[in-house]
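> Sequence first, predicted coordinates after that:
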Amino acid sequence: MSQPASRSRATGRITLADVAQRAGVSPMTVSRALRGERAVDPQLVERVKAAVDALGYLPDPAARALASRHSSHVTVLIPLLSNALFVDLLEAVQRTLRPAGYQTLIGITHYDPAEEEQLLREQLLHRPAGLLVTGLERSDATRALIERSGVPCVYLMEASDQPGLHCVGFSQQEAGAAMTRHLLARGRRRIAFAAAQLDPRTLQRLAGWRHELEAVGLYQPALEWLDPAPSSIALGGAMFERLLAHDPGIDAVFFNNDDLAQGALLAALRLGVAVPGRVAVAGFNDLTGSDQMLPPLTTVRTPRAEIGSAAAQMLLALMTGQPVQPSSVDLGYELLVRGST
């Protein structure tokens, strides 16, 4: 079978016209679909993506960067910039990469798998030297994009022994279990788990909490208070009020993030609820201000700056062809016991 006329005769590289022919659309439609323009019919977008996957198409900028190996930027995909957790991580990444001559290009996924996939497609057009992505869970399509790109990738915030993965983080589930064990050790027996956002790492903390309560026969589904809304101080205060009004027997609340817990402590002051006398309050991540609350918030300190630095160092090694051992680095966490429990 002869090669399509639009294919580069010198390299055999698949071109945009080849994708258009396979998808049954115009080259302009392919270009607009790959740029993520909203005006393109979703069915046409899916046909274009299927053709791209089937042909293994890489756009011209990516091919040129791959050939010259002159790319000097690293793509970093994080869920939010409004969370200090990721700001600390990004600053550490940049402090590590800049002296080595690399710039960071940041993409915000908003915890949306489809948005993450589109951001990754856009970034791969320019063939980054490396990728830093948050968490291990993602869509099959995004996972395939990363694997097929050939771009070195390090996963952030979670640790895994899965072969072929390079990651830096800690066990979110074990950290959630550790906080629950602390509350049990303080004599708390009706411990609620209150969470917002409900991203994969939150659900891992939930699993740790649930496991510990099941182990001592104290788990009840009614103690799970899960809200998919974005996490905030205001939401934490509202959740705290609803929790105690619905179930006055609750004697501890483990919030999945410090901003929720901070809101709960403010609500307790407003309502005259004694913390920790009437109810203990715990958070997660040790965000700014948690140690200044009344009472100071018991929480889990997560090593986000250390994760950013170690992940960037691992990626530098991968980008320069150096051996990386171990491929998974668990930096642990720290339980900070303060006055709220």
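Noted; the coordinates are in hand.
> Count the residues that sit near residue 106.
16 (other C-beta atoms under 10 Å). C-beta here means a position set from N, CA and C on the backbone, and glycine is covered the same way.
> Over to residue 269?
By other C-beta under 10 Å, neighbour count at residue 269 equals 14.
> Let's see the pLDDT reported for it.
Predicted confidence (pLDDT) for residue 269: 97.
> again, but for residue 66
As predicted, residue 66 sits at a pLDDT of 49.
> One more: residue 101?
87.
> just checking, it touches residue 72?
Yes - here residue 101 reaches residue 72: they are 6.0 Å apart, a contact under C-beta atoms under 8 Å.
> So for these two, which sits in the more crowded spot?
residue 72 (12 against 9).
> would residue 105 count as being in a helix?
No - using DSSP: H, G, I helix; E, B strand; the rest coil, the assignment for residue 105 is strand, not a helix.
> residues contacting it?
Residues in contact with residue 105 (C-beta atoms under 8 Å, 6 or more residues apart in numbering) are 73-76, 123, 128.
> same thing with residue 209?
Residue 209 neighbours (C-beta under 8 Å, 6+ apart): 176-177, 179-180, 191, 193, 254.
> Among those, which are located in strands?
191, 193, 254 (DSSP state E).
> after the least confident helix or strand in the chain by mean pLDDT, next one along is what?
Counting by mean pLDDT, DSSP states H and E, the weakest-scoring helix or strand in the chain turns out to be helix 60-68, with a mean of 50. Reading on from helix 60-68 to the C-terminus, the next helix or strand found by DSSP states H and E is strand 73-78.
> Sheet partners, orientation included, of that following strand?
Strands flanking strand 73-78 in the sheet, each with its direction: strand 103-108 (parallel), strand 130-134 (parallel) (DSSP bridges).
> Just tell me which of those strands ends up closest to residue 276.
For residue 276, the closest of the strands paired with strand 73-78 is strand 130-134, at 32.9 Å, according to C-beta to C-beta.
> what's the following helix or strand past the closest one packed up against?
Next along the chain after strand 130-134, taking DSSP H and E as the criterion, comes helix 140-149. Helices and strands touching helix 140-149, by 3 or more C-beta pairs under 8 Å, 6 or more residues apart in numbering; DSSP states H and E, are helix 42-55, helix 113-124, strand 130-134.
> Just tell me which of the ones you listed ends up closest to residue 167.
strand 130-134 (9.6 Å).
> Now do the closest one against helix 140-149: the angle between them, please.
Calculated by axes from the mean of the first three to the mean of the last three C-alpha atoms, to 10 degrees, strand 130-134 forms an angle of 160 degrees with helix 140-149.
> pLDDT below threshold where in the protein?
When residues are selected by pLDDT under 70, those of the chain lie in 1-12, 35-36, 59-70.
> Quote the end-to-end distance of stretch 325-341.
39 Å (C-alpha to C-alpha, to the nearest Å).
> would you list the contacts of residue 209 in TSV and tack on neighbour count and distance to residue 340?
Below are those laid out as TSV (neighbours: other C-beta atoms under 10 Å; distance: C-beta to C-beta, whole Å):
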residue	neighbour count	distance to residue 340
176	28	17
177	21	19
179	28	12
180	26	15
191	25	13
193	25	16
254	29	11
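> sorry, back to before: for the helices and strands packed on helix 140-149, which one sits closest to residue 165?
Here strand 130-134 is closest among the helices and strands packed on helix 140-149 (C-beta to C-beta), at 11.0 Å.
> Just the CA trace of that closest one, in PDB.
What follows is strand 130-134, C-alpha atoms only, in PDB (Å, rounded to 0.1, in the frame of the first residue of the first chain):
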ATOM      1  CA  GLY A 130       9.400  16.800  31.100                       C
ATOM      2  CA  LEU A 131       6.100  16.500  32.900                       C
ATOM      3  CA  LEU A 132       5.100  16.900  36.600                       C
ATOM      4  CA  VAL A 133       1.500  15.800  37.200                       C
ATOM      5  CA  THR A 134      -0.500  15.600  40.400                       C
END
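> quick one: contacts of that strand?
For strand 130-134, using C-beta under 8 Å, 6+ apart, the contacting residues are 74-79, 86, 93, 102, 109, 116, 120, 123, 146, 149, 151-157, 311-312, 315, 318-319.
> between that strand and helix 113-124, how big is the angle?
Calculated by the same axes, to 10 degrees, strand 130-134 forms an angle of 170 degrees with helix 113-124.
> Which stretches in this structure count as strands?
According to DSSP E, the strands that the chain contains are 73-78, 103-108, 130-134, 153-158, 167-170, 191-196, 224-227, 252-255, 280-282, 299-301, 328-330, 334-336.
> Adding distance to residue 240, write those strands out as a markdown table.
Listed next are the strands of the chain as a markdown table, based on distance: least, C-beta to C-beta, whole Å:
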| stretch | distance to residue 240 |
| --- | --- |
| strand 73-78 | 28 |
| strand 103-108 | 29 |
| strand 130-134 | 28 |
| strand 153-158 | 26 |
| strand 167-170 | 27 |
| strand 191-196 | 8 |
| strand 224-227 | 10 |
| strand 252-255 | 7 |
| strand 280-282 | 8 |
| strand 299-301 | 16 |
| strand 328-330 | 32 |
| strand 334-336 | 20 |
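> Of those strands, which is nearest residue 39?
strand 103-108 (21.8 Å).
> what's the distance between the closest one and the middle of its chain?
Chain-centre distance of strand 103-108: 14 Å, with C-alpha atoms, centre = their mean, to the nearest Å.
> and if you look at stretch 33-41?
With C-alpha atoms, centre = their mean, you get 25 Å for stretch 33-41.
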